[in-house]
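Visitor: Sequence and predicted model, in that order:
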Amino acid sequence: MTHYKNIKFGVDLVKASQAEYDFLVKVRHLEYLRNDAVLQYAVRRYEKVWLPLVAFEDKISPQNLEPPIDIAWVWHCHMLSPHEYTKYCRTYFRKVLDHSIIKADGAYTFTKGIWSRNFPDEPFELDQNVLNELISCTLSQGGKTKSFDLVAATHRQQDFVYNILLPHYRDPEFLKSAITRYKKYLYLYTQKNNLSNFLVPCYDIDFVWHTHQLHPIDYQHVTESLLGCLLTHDDTDCDRNPGSKLFDAYKRTERNWRELYNESFDISGAVFRGLNLEDKLYRLTVSDMDGCISRIGAVVINFIAVTPVSVNKETVKIKIFKINEAKELRLVQKLKSKMENMTWNNQNLTIRQDSTESTLLIELSAKRTFINGGSLLIGRCQQKFGFYLQNPMYQKGGVFSIEKDMQMFSTLTAAKCKVSGSILSPSLGNIELVLEQGEYEEINMSTNVNQLSDQASGPISDAMDICQVALHRLRSKNGKSFICRVIHNVQKMTSVLQFFFEDKLAAIAHFIGNDQLPKKSQISKGSLSLSSSAGEKAILIKTGEGDSTILVVKRGSRVFCSKEDPLKIKVYQLGSTHLQQKETIYVSQYSSLEYEGLTLELKKVAAGLHLPFLTNNKYYGYGVEKPQRQKTYQRDSAFTGGGPKRTYQSDSAFTGGGPKRTYQSDSAFTGGGLKMTCQSDSAFTGGGLKMTYQSDFAFFSAGGGFGGSGCCGGCGGCGGC
């Protein structure tokens, strides 16, 4: 074969790759497929039931046979070691059993019927009781097909699955390009001594390569016709550090590709994204959120009594006030009585209370003489009802009875106030978080997100790892708090946010660039892309449930946005087979933002904090111009809000010119405070910590992409046939 264009496939690899993507999304959401006991059980079913059934029903098209998901996953991983799969099939069935990732309508129901007729005592699907039993124990046998460990093979695929689960891997235009590059990759093996070398593909090529291997008969035919042997696939090497086998092989592949095709091997959107951090991030529980959510309920006061107080007044008054968070009083009721009978029965006084603003103040006063006029304050007491509203015992309501000593003002006589009534069933209120801003300090730490799950700061040594780091606290009124660690690295032009719930790392957000996201020219219209040249930046949010959200942000010409020049943020929810762009939102520095139950209130910066912004290439503070310190910037060069208040002359300061001068605090991060209000659970929908949409506008002005370290290749190629 004289040209890669002459390579023909017997499979529609665009449709097959889309079906593969959908299958991997389904697998990704099933946590039990990462449990060894479940996988060992699946291997037994695969070997003892499924493959014999496929061999027996060899007249049925592979598109009409669809096994249960546990067996499908094991079969999938077995076929990705084509030599091992071929050897196993020929040993036990004297032929290679074919497969198709594309399934016909009704294939699952049809297969279930065949299974039931041939293996009536073996359940087709794993029911929840079987799964619970398996997860609670560890099986001692199974998992290996002679010399090949299928359980280990499934675990190795998890990191590959993470790296390709971005929506452009399902886009038809991106896949067409990937198939062409796969042909070039196969043809590369025909050159020089490449067949005996270890070649490493980019992830777009590797994804199509995987898909082709899931059609073992066609894969065998194509590779043997082209190379004279079955091309193997080795995914056992995962060390990407410089000098490793995988690293050196990738560099060799990159060099050979450029020599043969006179083009770059790397393309946008096909790089190694890093390791999956899902298991290292804490998943917020219902109990965690319950402690942050306020409760709103009705307090019904039926009875109030005050022990007699020795004052020479006939008429006394009880005033009941509601105290809010700002310690402001609001009168809700006045009650009058004679001194000899300070008891108020059957009042049925209903007061709506929030568990975070749930204090009632009761004041006892008496009318002064006609000469003095006004009222004389005798005593007061107050009671917080947050305990009742938050207490699970009062989830369906209940009664209360309180007796408190009054604080006396006009008499030495002690007095007690008795209050009783009921709490109606509380409803969920809001989660309200208030920003307590921290200070930036210079710390030596890596911004590699793969290390940040257990990254500790150390002494400053490497200039490239010197970061400006601040800890901001988001405190709820109930006392629970989130910690946001903001990490800015000017030299590397990147920023990372870590979100802790108490002492547990729950989410990470960081920049990603065109190493991970494709350009518009690579994909179909309307698909997720990143146009760095047009000023777009992308932020990836990771949680304990995986990659949650991608924000594509575009700002105006000024470093800090005004009402006339807001940030435009496109929000993409990940995790399903079809990408969901929920909506486009706009954020300006002084306005409020409402999104999916989240309200973000941006306060004006304190007057004493001089925050720079740019108008007509001049430096200004808020209300204070500083002509003596005036500098000239160009666009992104003023990366000031996120910590180091450095002043740069131009973009060259990021590329070798170096930082020039002074710093300012991260006052851009609202200074006067940031208040976030979320509607109960909706603030955390989609697995994401929605408060990550915060107002550090300098965070959006950082440049560059952010990816994993090491080479960007996927699986290795063959070291021979």
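Guide: Good, I have the coordinates.
Visitor: Which helix or which strand is home to I541?
Guide: Using DSSP states H and E, the element containing I541 is strand 536-543.
Visitor: What helices and strands are in contact with that strand?
Guide: Applying 3 or more Cβ pairs under 8 Å, 6 or more residues apart in numbering; DSSP states H and E, we find strand 536-543 packed against strand 504-512, strand 546-554. All C-beta atoms are positioned from the backbone trio N, CA, C, and that covers glycine.
Visitor: Adjacent strands (with direction) for the last one?
Guide: Based on DSSP bridges, the strands next to strand 546-554 in the sheet, each with its direction, are strand 536-543 (antiparallel), strand 567-573 (antiparallel).
Visitor: CA-only coordinates of the strand holding I541, as PDB, when you get a sec.
Guide: Presented in PDB, the C-alpha positions along strand 536-543 are these (Å, rounded to 0.1, in the frame of the first residue of the first chain):
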ATOM      1  CA  GLU A 536     -11.900  33.400  25.400                       C
ATOM      2  CA  LYS A 537     -10.700  31.500  28.500                       C
ATOM      3  CA  ALA A 538     -12.000  28.200  29.700                       C
ATOM      4  CA  ILE A 539     -12.400  26.900  33.300                       C
ATOM      5  CA  LEU A 540     -12.900  23.300  34.200                       C
ATOM      6  CA  ILE A 541     -14.700  22.500  37.500                       C
ATOM      7  CA  LYS A 542     -14.000  19.100  39.000                       C
ATOM      8  CA  THR A 543     -15.900  17.500  41.900                       C
END
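Visitor: Run the angle between it and strand 504-512 for me.
Guide: 160 degrees (axes from the mean of the first three to the mean of the last three Cα atoms, to 10 degrees).
Visitor: quick one: average confidence on stretch 241-258?
Guide: On average, the pLDDT along stretch 241-258 is 90.
Visitor: mind listing what's buried in the one helix or strand C417 maps to?
Guide: Assessed by DSSP H and E, C417 sits inside strand 416-423. Using 16 or more other Cβ atoms under 10 Å as the test for burial, strand 416-423 gives 417, 419, 421-423.
Visitor: that older thread, quick one, which of the helices and strands packed on strand 536-543 gets closest to N118.
Guide: Closest to N118 of the helices and strands packed on strand 536-543, according to Cβ to Cβ: strand 546-554, at 37.1 Å.
Visitor: Give the rounded mean pLDDT of that closest one.
Guide: 90.
Visitor: neighbouring contacts of it?
Guide: Contacts of strand 546-554 from elsewhere in the structure, counted by Cβ atoms under 8 Å, 6 or more residues apart in numbering, are 28, 162, 165-166, 276, 278, 507, 512, 517, 528, 530, 534-542, 567-575, 686-688, 692-693, 700.
Visitor: My read is that C229 contacts T223, right?
Guide: Yes - the criterion here is Cβ atoms under 8 Å, and C229 meets it with T223 at 7.2 Å.
Visitor: Looking at the two now, which is surrounded by more residues?
Guide: T223 (22 against 15; other Cβ atoms under 10 Å).
Visitor: Excluding sequence neighbours, find me the nearest residue to that one.
Guide: L231 (4.0 Å; Cβ to Cβ, 6 or more residues apart in numbering).
Visitor: K15 now?
Guide: Nearest in space to K15, with sequence neighbours left out and distances taken as Cβ to Cβ, 6+ apart, is I102 at 5.9 Å.
Visitor: Just confirm S177 is within a strand.
Guide: No - counting by DSSP: H, G, I helix; E, B strand; the rest coil, S177 falls outside a strand, being helix.
Visitor: tally of neighbours for the closest residue in space to it that isn't next to it in sequence?
Guide: Nearest non-adjacent residue to S177, counting by Cβ to Cβ, 6+ apart: Q522, 6.5 Å away. By other Cβ under 10 Å, the residues close to Q522 number 22.
Visitor: re the thing from before, pull up the pairing partners for the strand holding C417, direction included.
Guide: Using DSSP bridges, the strands paired with strand 416-423 are strand 295-306 (antiparallel), strand 398-405 (antiparallel).
Visitor: between the ones you listed, which one is nearest to S264?
Guide: Among the strands paired with strand 416-423, if distance is taken as Cβ to Cβ, the winner is strand 295-306, at 58.4 Å.
Visitor: and that closest one, which residues are buried?
Guide: Residues of strand 295-306 classed as buried: 295-301, 304-306 (neighbour count, 16+ other Cβ under 10 Å).
Visitor: okay, these in TSV with pLDDT and distance to L260 next?
Guide: As requested, the buried residues of strand 295-306 are arranged in TSV below (pLDDT from 0 to 100; distance: Cβ to Cβ, whole Å):
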residue	pLDDT	distance to L260
R295	80	68
I296	84	69
G297	83	73
A298	86	77
V299	87	79
V300	90	82
I301	89	85
I304	90	91
A305	88	95
V306	86	95
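Visitor: re earlier: go through the strands paired with strand 546-554 and pick out the most buried.
Guide: Among those, strand 536-543 has the highest mean neighbour count (mean count of other Cβ atoms under 10 Å), at a mean of 23.
Visitor: which stretches of the stretch 401-550 of the chain have low pLDDT?
Guide: Segments of the stretch 401-550 of the chain classed as low confidence (criterion: pLDDT under 70) are 410-412, 449-464.
Visitor: The residue nearest to T223 and T86, how far apart?
Guide: L231 sits 12 Å away from T86, going by Cβ to Cβ, to the nearest Å.
Visitor: between those two, which one's more packed in?
Guide: Applying other Cβ under 10 Å to L231 and T86 shows that L231 carries more neighbours, namely 24 against 19.
Visitor: and the gap between the more buried one and H221?
Guide: 12 Å.
Visitor: Now list whatever residues contact both of these two.
Guide: Among the neighbours of L231, none is also in contact with H221 (Cβ under 8 Å, 6+ apart).
Visitor: before we move on, back to that, isn't the residue nearest to S177 right next to D204, touching?
Guide: No - with contacts counted by Cβ under 8 Å, Q522 stays clear of D204, the gap being 9.5 Å.
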